[in-house]
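*Asks:* Could you look at this predicted model? Sequence included:
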Amino acid sequence: MNSAASGDIGALLEHARQLAQQGQGDQAEQICAQILQTQPSQVEALNFIAMRALGRGQFAQATNMLQLADLAQPNAQATLKNLAVVHAAAGDREAAEKTLQQAIEAAPEHYDLQLHLGGLQEQRGDGRAALRTYLRAITAAQNQGYWLSAASTPPALHAAVTHAMDFVHRGRQQILSAVLQPLRAQHGAAAMLRIERCLAMYLGDVPSTIADAYQKPKFLYFPDLPTRAYFASDLFPWQVELEKHTDIIRAEMQALLTEPDALEPFLGVPTPAEGDQYLRGGSQGAPAWDAFFFYRHGERQDANCARCPQTAAIIDALPIVRIREHAPEICFSVLTPGTHILPHHGVTNTRLVTHLPLIVPEDCAIRVGGEEHSWQEGRCVTFDDTFEHEAWNRSQSTRVVLILDSWNPYLTEVERIAVTDLVGAIGDFNREFSLRGG
């Protein structure tokens, strides 16, 4: 086709668009039919006539026109979306979903396609598939700065986005609440009051009422627990036995530090920006916060435990928090001279952090909730790390403490079981339904 003809078609298309916007669909369709006489594979014209045919209930004609458009320009988002709409209107939801899946694979960044797919899955009664698809669409859109408010949501999608968000919220609420049902049945509503409020706060159904400005849990806040930065040692009878073994633990730690491959960065391998967010160095050199993990994200590090068998046996005998993929975190924490761990917050007040200091030079301390504490070798200190906290080693020598998790002593036994079940279920939900869930 020569350039003049191409120009003519462009002008005809623009005229058809204007007529369609003015509500003159019949005239716009006539122009698109005229275009197809000259250029049978013109995708926009094929799509327009197909959707007009759909409006008349002419499913076969609409399908044929859209298939021609897909041949002319494979995997075009608009064509595949329209084809899915036609399949759904004709009662073939399986074909509609398959077509949308094809479109999403070709253009995963178009989250409105996932929104439409979620609607089809919901219509056929597959709530879990719809929840997964809706959540992926919402997450992808919000990561790009869309669907965060009415202003960032196209008006044509507002109702569908609002519905998807409500569907996701209700689905998450039902799934997580069901995890607690056996405990409700066994122990009664009164025993579950605080964990019910905890879940409601996590879901955003009620506001989190945190009294202390220093306290900002990153993940899960449990209400109505005593609000304090440090906890008295007599709340943890097991610490007496742990402190008795300080010399044994220190000896294994000192032998370990002579091995070149013993330690790893506590924070993993952060980006420079992440590293700057957590660590600062002094005149002694670059900052380094290293660790030797006995447990990491709730998983026992068997090879490491075998390298310090006495310490591992002492740890395993303690009443530590055990939550799948979450707790305990237990390690030798090694802070090099000049390193300052900058103020930050932990994830939940349901568990506390205990330090058993092993090597403490002068001018080393921790500050929790604005209150400074100087470590004493062999004397445990326990604190709530959801309070803002920081630590530093301003000496010329290395500082080492054993870090381990323990339950907040003000949780009942039923609440500890409930927290364990709930946190595990949240992890399961995130894997199954979120983008990270694959």
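*Replies:* Sure thing, it's come through.

*Asks:* Okay, helices next: where are they in the stretch 151-300 of the chain?
*Replies:* For the stretch 151-300 of the chain, the helices defined by DSSP state H, counting those that start in this stretch cover 158-187, 193-203, 238-244, 246-257, 272-278.

*Asks:* how many other residues sit next to the residue nearest to residue 99 when sequence neighbours are not counted?
*Replies:* Among residues not flanking residue 99 along the chain, residue 84 sits closest, at 4.3 Å (Cβ to Cβ, 6 or more residues apart in numbering). For glycine as for every other residue, the C-beta is placed from the backbone atoms N, C-alpha and C. Neighbours of residue 84 under the rule other Cβ atoms under 10 Å: 26.

*Asks:* now residue 284: how far from residue 311?
*Replies:* As for residue 284, its distance to residue 311 is 28 Å (criterion: Cβ to Cβ, to the nearest Å).

*Asks:* so what's residue 291 up against?
*Replies:* The neighbours of residue 291, taking Cβ atoms under 8 Å, 6 or more residues apart in numbering as the test, are 263-266, 331-334.

*Asks:* And those residues, which two are furthest apart?
*Replies:* 265 and 332 (13.2 Å; Cβ to Cβ).

*Asks:* And the two? Which one has more around it.
*Replies:* Set residue 265 next to residue 332 and count neighbours by other Cβ under 10 Å: residue 332 wins out with 27 against 13.

*Asks:* quick one on the thing from earlier: tell me the contacts of the residue nearest to residue 99?
*Replies:* With Cβ under 8 Å, 6+ apart, residue 84 has these contacts: 95-97, 99-100, 103, 116, 120.

*Asks:* Out of the residues you listed, list just those in helices.
*Replies:* 95-97, 99-100, 103, 116, 120 (DSSP state H).

*Asks:* The nearest residue to residue 17 once chain neighbours are set aside: neighbouring residues, count only.
*Replies:* Of all residues not flanking residue 17 in the chain, residue 28 sits nearest, at 7.5 Å (Cβ to Cβ, 6+ apart). Residues contacting residue 28 under the criterion other Cβ under 10 Å number 23.

*Asks:* Let's see the pLDDT reported for residue 28.
*Replies:* At residue 28, the model reports a pLDDT of 93.

*Asks:* One more: residue 390?
*Replies:* Reported pLDDT for residue 390: 97.

*Asks:* Can you say which of the contacts of residue 291 are buried?
*Replies:* 263, 266, 331-334 (16 or more other Cβ atoms under 10 Å).

*Asks:* and the worst-scoring helix or strand of the chain on mean pLDDT, how far from the chain's centre?
*Replies:* The weakest-scoring helix or strand in the chain, judged by mean pLDDT, DSSP states H and E, is helix 272-278 (a mean of 77). How far helix 272-278 lies from its chain's middle: 20 Å, per Cα atoms, centre = their mean, to the nearest Å.

*Asks:* Check which helices and strands it sits against.
*Replies:* For helix 272-278, the helices and strands in contact under the criterion 3 or more Cβ pairs under 8 Å, 6 or more residues apart in numbering; DSSP states H and E are strand 340-344.
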